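>>> Got a sequence here, can you model it:
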Amino acid sequence: MFRSTPPRRASAGALALVLASSCPAALAQEALPSIDVGSAAPPATSAPATSTPAPGPMTAKEREKAEEHSYTRSYATTATKTDTPILDTPRAIVVVPKQVLEDAQVLNTQDAVRFVSGVQQGLGVYYDSYIIRGFPTASNTYRNGLKLFAVAGSEDVSFIDRVEIVKGPTAMLYGRIQPGGLVNFVTKRPQEEAAYSIQEQFGSWGLSRTTLDLTGPVTSDKSVLYRVMGAFDHSDSWVDFEHHDKGAFSGEVSWRPTTQFEANVGLEYYNDSDANRGGYAGMIPAIATTYKVPWLIGRPAYLPRDWTQNDPQKYNQFPDTIERELVSADWTYRFNDQWKVTNRFLYNHSDENENYLLAAPVALNYKTGNLLRRLSWSQVYRDNWSINLDVTGKVETGPVKHNLLFGFDYYDYHNLYLGDNPAPRAVPEIPAFNIWAPAYGGINWTIIGAQQAYAHGNKSRNKSLDVGYYVQDDIDYNDIIHFLIGGRYDIAFDAASELAFATVSGSPCFPLCDGHYTPPWKGNPTYHKVSPSGGLLFKLTPEYSVYASYAESFGTSNATARSFSGAPFQPQEGRQYEIGAKASLYDGKLTASIAAYDLYMTNVLTTDPANSGFSIAAGEVRSRGVELDIAGQVTDNISIIGGYTYDDALVIKDNTTGTGAILGKRQPGVPRNAGSLWAKYDTAPGLKEGWSFGAGAFANGLREANATNSWALPGYVRFDTMIGYRTVFEGHQVEAQLNVVNIADAKYFDTAVNSQYAVYGQPRTFIGSIKVKF
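Next up, the predicted model:
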């Protein structure tokens, strides 16, 4: 066991029992002698107490080095934008370090959050999306603290140093955001010491992935540093006719002319090509309660995992492509040890060609199995700018310390949509299709190509502008009482254009929506909102803390919806009450937390029962639950990360009656019970040669798939394993690893799409890798 610092106050006993129960492996070894990490052997005699000075607090760089291979982190800047430790922050925060991502061979950002309680994959496959504490995140994805809106494949996993998840409303620091929380990807930065690595990953479904990582100093005084990373991969799929090709590049330069000033400039480029992005072709139609087959009611259709509505020539004729460029910059100036200013900037542009064979359960005859299909194509251009300026400082007033934050941020997003998205219907270019006996081929691609050249069916655009000012004070009294209080003032504007249909006589761009026509904006007001946040934390001992907090959110705009009167809707708003406890054990090598929350979102739009096609703001959703998280080292050799969630997420206000009523219905995609646990055993931790063995389980209960709860995704348990070996070959570190995802080959569904489809999770999958460090 690790040697733990004795408690400062005996009142922690009860809390210690609660949190320690999360790691029975540790309790089972209490009788064993303690072991100090890094010690080759215990000294024969104790050194005099005065021979070694007491160590001071570690710097940020020293802390990062010490925690480089750990499953936990002691700090997370996302929650407060200051250097407050997680143990001292009255919020629920979980960090997934890169070591976890590497050990589990996580290949996409959606899978990176599976280790965290209260976080689910979102209902969709085209963009990165998450459900946190019962609420979809929508645009709540961030990169180094700056928002990325509606971005596909928001960050390549090989570029990520860690994933920080803050649960509950975070509008006080980040402006308009859904109340469940946010996911922030913290990227790898240039390093002072030269390091080079290449990794080749290979496995099931034709996986071939190569990643490069080069970093080091440019100048001899290490005032200029660089980092260059690349990822190039190809894979097929368990779904027939699916192909994926991706290239990603990241380059960043750091300039540190003095100890007071630092600047970083980075560039990322992505190029993706898919047969049908995100598995659109493998979406299984749902059989809702309206179809009277008792053993199929309320479940996805019973089809094999390789089933597809796609065509083998689709990828060659009309691939789905995304090209994206991202530019980032930040600088920090330290006035002294207490005060500094940081400015960050991000610009992201993406060109998306969305081409897929479209079908829907409403176009399916379940008795015959006949499904209508139609090729849909569109072009989407997106641009977003994110800027923020933070000033942080520390002052003392007697026994009270203040960690102050003053900030400003600006966010601008707009897109242009041009394309054809028709309802599935019989067309002569695409032959009939039967889901029970699919026959592929026969599509007249020549005619479809000619149609695509001019048939821009409609055109629309959206924009969003946010400006926010915020202030925060983290008050510390003798490292016993911590009071975190802050507020934000937002000015926000949203607009959506009228949708122009080329196929509708009388439309402004009939009969063709070409590049010259610009749909007019709908009128939308400017919103003003104050978002408060506060929390009180009490340190029972240096290792244990308890807290209570309250926060509000200013959420997603309802600008694209309209009331019958024509009046615009107010944005969604949220509020949360939370209590919790945290522990940092074995000198911070193992962390655990428990939180209970009561979270509400108002101004939820529901269907206008008196006026078809319109909405009214009468809905309210409540999410109430308990979360447990644990991460770190249980012993020198064993590392774990995992969590458990109970979440009761329901609609508590709704005006709709009849078949569309959702009062009392559960939130789609949210299981009542969910949990995960991943553990690794390392035979020689910290050494260059050794074996490692890992295993994990990921479980979800039944999840409703749409707002009316007419069909659901069954619960499941998935088991993963890994084995790794590292050694030194001709002076270079070599690491070999094999992972088996879903080793029991459980058949389960990952997510639902558009309230109509289900998407299978991956079958048993083998992923091998060889990594060489120079």
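
>>> contacting residues for Ile662?
Thr606, Gly619, Val651, Asp654, Thr656, Ala707, Thr708, Asn709 (C-beta atoms under 8 Å, 6 or more residues apart in numbering). The C-beta positions use only the backbone N, C-alpha and C, and glycine is treated the same way.

>>> give me that answer again for 10 Å
Ile662 makes contact with 604, 606-607, 619, 621, 650-651, 653-656, 706-709, according to C-beta atoms under 10 Å, 6 or more residues apart in numbering.

>>> Whichever of these end up buried, select them in PyMOL.
A single PyMOL command is used to select the members of these judged buried by 16 or more other C-beta atoms under 10 Å:
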select buried, resi 604+606+607+619+621+650+651+654+655+656+706+707+708+709
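
>>> for Arg672, what are its contacts?
Gly625, Thr645, Tyr646, Asp647, Asp648, Ala649, Arg666, Asn700, Gly701, Leu702, Arg703, Gly715.

>>> hmm, 8 Å instead?
Applying C-beta under 8 Å, 6+ apart to Arg672 gives the contacts Tyr646, Asp647, Asp648, Gly701, Leu702.

>>> of those, buried ones?
By 16+ other C-beta under 10 Å, the contacts of Arg672 give Tyr646, Asp647, Gly701 as buried.

>>> mind listing the helices for the protein?
13-20, 24-27, 60-66, 98-103, 171-174, 314-317, 445-454 (DSSP state H).

>>> Low-confidence stretches in the stretch 501-650 of the chain?
The model of the stretch 501-650 of the chain has pLDDT under 70 over residues 501-524, 557-568, 606-613, 618.

>>> 80 instead, please
501-525, 555-570, 605-618 (pLDDT under 80).

>>> Could you point out the bridge partners of Ile131 in the sheet?
Beta bridges link Ile131 to Gln120, Pro136, judged by DSSP bridges.

>>> Could you do Val341 as well?
On the basis of DSSP bridges, Val341 is bridged to Tyr333, Val391.

>>> wouldn't it be in contact with Gly393 here?
No - here Val341 does not reach Gly393: they are 9.4 Å apart, not a contact under C-beta atoms under 8 Å.

>>> Run a quick neighbour tally on Leu590.
Leu590: 27 surrounding residues under other C-beta atoms under 10 Å.

>>> if we can go back for a sec, ok, of the buried ones among the contacts of Arg672, which one's closest to Ala171?
Proximity of the buried ones among the contacts of Arg672 to Ala171 (C-beta to C-beta) peaks at Asp647, which lies at 20.8 Å.

>>> need the contact list for that closest one.
Contacts of Asp647 by C-beta under 8 Å, 6+ apart are Gly118, Arg133, Gly134, Ser623, Arg624, Gly625, Val670, Pro671, Arg672, Ala674.

>>> now do Phe774
Neighbouring residues of Phe774 by C-beta under 8 Å, 6+ apart: Ala195, Tyr196, Ser197, His732.

>>> and what of Glu193?
With C-beta under 8 Å, 6+ apart, Glu193 has these contacts: Gly216.

>>> repeat for Gly664
By C-beta under 8 Å, 6+ apart, the contact list for Gly664 reads Leu650, Val651, Ile652.

>>> Distance to Leu585 added to these, as a markdown table?
A markdown table is the format used below for the contacts of Gly664 (distance: C-beta to C-beta, whole Å):
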| residue | distance to Leu585 |
| --- | --- |
| Leu650 | 36 |
| Val651 | 40 |
| Ile652 | 39 |
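
>>> what's the closest of these to Asn271?
Closest approach between these and Asn271, by C-beta to C-beta: Val651, at 41.4 Å.

>>> any idea how far the closest one is from Leu702?
Using C-beta to C-beta, to the nearest Å, Val651 is found at 17 Å from Leu702.

>>> Glu552 now?
Counting by C-beta to C-beta, the gap from Glu552 to Leu702 is 31 Å.

>>> in the sheet, who's paired with the residue nearest in space to the middle of the chain?
Closest to where the C-alpha atoms of the chain average out (C-alpha atoms, centre = their mean) is Val183, at 4.6 Å. Legend: beta-bridge partners of Val183 under DSSP bridges are Thr141, Ile165.

>>> Let me know the pLDDT of it.
Listed pLDDT for Val183 reads 93.

>>> which ones are touching it?
Residues in contact with Val183 (C-beta under 8 Å, 6+ apart) are Val113, Val119, Tyr130, Ile132, Thr137, Asn140, Thr141, Tyr142, Val163, Glu164, Ile165.

>>> Quick one: mark the members of the contacts of Gly664 that sit in strands.
Under the assignment DSSP state E, the contacts of Gly664 contribute Leu650, Val651, Ile652 to strands.

>>> Identify the residues contacting the second one.
Counting by C-beta under 8 Å, 6+ apart, Val651 makes contact with Val604, Gly619, Glu620, Val621, Ile662, Leu663, Gly664, Lys665, Gln667, Ala707.

>>> Could you rerun that using 10 Å?
Contacts of Val651 by C-beta under 10 Å, 6+ apart are 604, 606, 619-622, 661-667, 707, 709.

>>> For it, give its distance to Lys665.
To Lys665, Val651 is 5 Å away according to C-beta to C-beta.

>>> what touches both of the two?
Common contacts of Val651 and Lys665, defined by C-beta under 10 Å, 6+ apart, comprise Val621, Ala707, Asn709.

>>> For the nearest residue to the last one once chain neighbours are set aside, give its distance to Tyr757.
In this structure, Asn709 finds its nearest non-sequential neighbour in Lys665, 4.7 Å apart by C-beta to C-beta, 6 or more residues apart in numbering. Using C-beta to C-beta, Lys665 is found at 19 Å from Tyr757.

>>> So which of the two has more stuff around it?
When Lys665 and Tyr757 are compared for neighbours, Tyr757 comes out ahead with 23 against 18, by other C-beta under 10 Å.

>>> got a pLDDT number for the nearest residue to the more buried one once chain neighbours are set aside?
Nearest residue to Tyr757, sequence neighbours excluded (C-beta to C-beta, 6+ apart): Met283, at 3.5 Å. With respect to pLDDT, Met283 scores 75.

>>> tell me the contacts of Met283?
Taking C-beta under 10 Å, 6+ apart, one finds 125, 239, 276, 300, 307-309, 356, 359-361, 751-754, 756-760 in contact with Met283.

>>> Keep only those of those that are in strands.
Pro300, Tyr356, Thr751, Ala752, Val753, Tyr757, Ala758, Val759, Tyr760.

>>> Pick out the most distant pair among those residues.
The span of the ones in strands among the contacts of Met283, defined through C-beta to C-beta, is set by Pro300 and Tyr356 at 19.0 Å.

>>> Tell me the one among the contacts of Val183 nearest to Gly724.
Top of the list for closeness to Gly724, among the contacts of Val183 and by C-beta to C-beta, is Val163 at 21.2 Å.

>>> what residues are up against that closest one?
Counted by C-beta under 10 Å, 6+ apart, Val163 has contacts 78, 94-98, 100-101, 106, 109, 112-113, 115-116, 119, 155, 157, 183-186.

>>> Go again with 7 Å.
Going by C-beta atoms under 7 Å, 6 or more residues apart in numbering, Val163 touches Val96, Ala112, Val113, Val183, Phe185.

>>> Got a PyMOL select line for the buried ones in those?
In PyMOL syntax, the buried subset of the contacts of Val163 is picked out as below (16+ other C-beta under 10 Å):
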select buried, resi 96+112+113+183+185
